[in-house]
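Enquirer: fold the following.
(one chain, ligands or ions: 1)
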Amino acid sequence: MSDMSASPAGPPTVMHVDMDAFYASVEIRRRPELRGKPVVVGALGPRGVVLSATHDVRPYGVRAGQPVGRARRLCPQAVFLPPDHDEYATVSANVMEVFRAVTPVVEPLSLDEAFLDLSGSLRRLGGDPAHIGEQIRARVADEQGITCSVGVASTKFVAKLAGATAKPDGLRVVPDDEVLEFLHPLPVDRLWGVGERTEAALTRLGLHTVGDIAHTPAATLCRALGQAAGRHLHALAWGRDERPVVPSEPERSIGTEETFPADVDDPAVVRRTLLRLAGRTGARLRAAGLAGRTVTLKVRFSDFTTLTRSKTLRDATDVGRDIYATACALHAGLGLERARLRLVGVRVEHLVPGDRPRQMVLGERARGWSEVERAADAVRDRFGGRALAPASLLADPGRDGRSRGPGTRR
Ligand SMILES: [Mg+2]
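Expert: Model prediction:
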């Protein structure tokens, strides 16, 4: 900072981080053969909508929220994939951990997007928000194999807009003395709170850019849009946004559940599903650096009635094997031999910070399941979700709860 008078408050400290084409990027990460190809993620059924698409299909008019059938007509050469929400949640937990290593003040907006308040940690991290942003981008790329874009400003909405202009795989800092220069040429619909109706009202007033709004008297905006909206937009157009970054509560529980494609009454199929769900729950706990003492089993019957049973362990665990054993005991205790189940779920509660992930040293003997599963996490992070699974799952041709494989009894 050579000219401190230009920004007396110091460098901006509100950061917005957003993964680029998040679901599509996660799919490409585990299927390297898709790299460079257009990818669309969305439920493939008749009512499926586009959830995520790589940037190269956007010129064809493919957008999130659009019916998948329409996206197929617009860009038939794209690869269409169904979503894997468990995988995205796992990657999201890892990414949020990267953010929380920078500052505890992290406000997630969705699985792939968060605000960070750097004001308390800026000095410790060297004082340059651009450098911190590049470090976050490098860590996310190295550890998760996906790219993100970062915006930094003194307010939330300018930080978010700055990041959007840097997409994909970019970073932009907007210092205080450049905010108006940055904001005023933007079209009005970029401002938070401007939907189609507000945009139409602004167009009727002849206002097309943020600068047009700034140079319109607040009273005129209030007459057209109402007091609250008028005042709000006028403030935003001058770069004023008082909203602080509000850190979210830490997670209270971690778990996952699965609805069977058709109701299931075979306890072996239920146990195999519990093994898979427990494995994922353990992976998510470890990814979030958490462990928990209470394991809860949830079952939903074919008539939609739902039961939960919990057991509290002596020690907190983040090990899928322990979670599986407890879930199986709870399942056996319910005596459901003939019951037809629609869904089962596994959840771990009463979370505490877990052991920090430990790097396995080559040749070191694995001690217990915790180390084995941590090593598996590392392989999964590099090679994708199905690279390593318990032997009894490898025989399972898919998520079809009715499929049978050898070795399901333990
Ligand atoms: Mg995103």
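
Enquirer: and the helix or strand hosting Ser92, how far out from the chain's middle?
Expert: Secondary-structure assignment from DSSP states H and E places Ser92 in helix 85-102. Once both centres are worked out by CA atoms, centre = their mean, to the nearest Å, helix 85-102 turns out to sit 6 Å from its chain's centre.

Enquirer: name the residues of this structure found near the ion, please.
Expert: In this structure, the chain approaches the ion at residues 18-19, 22, 112, judged by CB under 5 Å from the ion. In this view, the C-beta of every residue, glycine as well, is placed from N, C-alpha and C.

Enquirer: and the furthest pair within those residues?
Expert: Checking these against each other with CB to CB, the farthest-apart pair comes out as Asp18 and Phe22, at 8.3 Å.

Enquirer: which ones among the residues of the chain next to the ion map onto helices?
Expert: Cross-referencing the residues of the chain next to the ion with the helices (criterion: DSSP state H) gives Phe22 as the overlap.

Enquirer: need the pLDDT of the residue of the stretch 101-250 of the chain found nearest the ion.
Expert: For the stretch 101-250 of the chain, the residue positioned closest to the ion under CB to the ion is Asp112, at a distance of 4.4 Å. For Asp112, the pLDDT comes out at 91.

Enquirer: can you give me the strands in the stretch 251-400 of the chain?
Expert: 253-264, 290-301, 306-317, 341-353 (DSSP state E, counting those that start in this stretch).

Enquirer: coming back round to it: what's near enough to touch the residue of the stretch 101-250 of the chain closest to the ion?
Expert: Residues in contact with Asp112, defined by CB atoms under 8 Å, 6 or more residues apart in numbering, are 18-19, 22, 88, 92, 95, 148.

Enquirer: change it to 10 Å
Expert: By CB atoms under 10 Å, 6 or more residues apart in numbering, the residues touching Asp112 are 17-23, 25-26, 52, 88, 91-92, 95-96, 146, 148.

Enquirer: quick one: low-confidence parts of the stretch 251-400 of the chain?
Expert: Within the stretch 251-400 of the chain, the stretches with pLDDT under 70 are 251, 354-372, 374-376, 378-400.

Enquirer: tell me the residue of it that sits nearest the ion?
Expert: Relative to the ion, the nearest point of the stretch 251-400 of the chain is Ala287 (19.0 Å; CB to the ion).

Enquirer: correct me if wrong: that residue contacts Glu373.
Expert: No: the pair Ala287 and Glu373 fails to qualify as a contact (CB atoms under 10 Å) at a distance of 11.3 Å.

Enquirer: just to be sure, Gly230 is in a helix?
Expert: Yes: assignment of Gly230 by DSSP: H, G, I helix; E, B strand; the rest coil places it within a helix.

Enquirer: just the helices in the stretch 51-200 of the chain please.
Expert: Secondary structure of the stretch 51-200 of the chain (DSSP state H, counting those that start in this stretch): helices at 68-74, 85-102, 129-144, 156-166, 179-183, 196-204.
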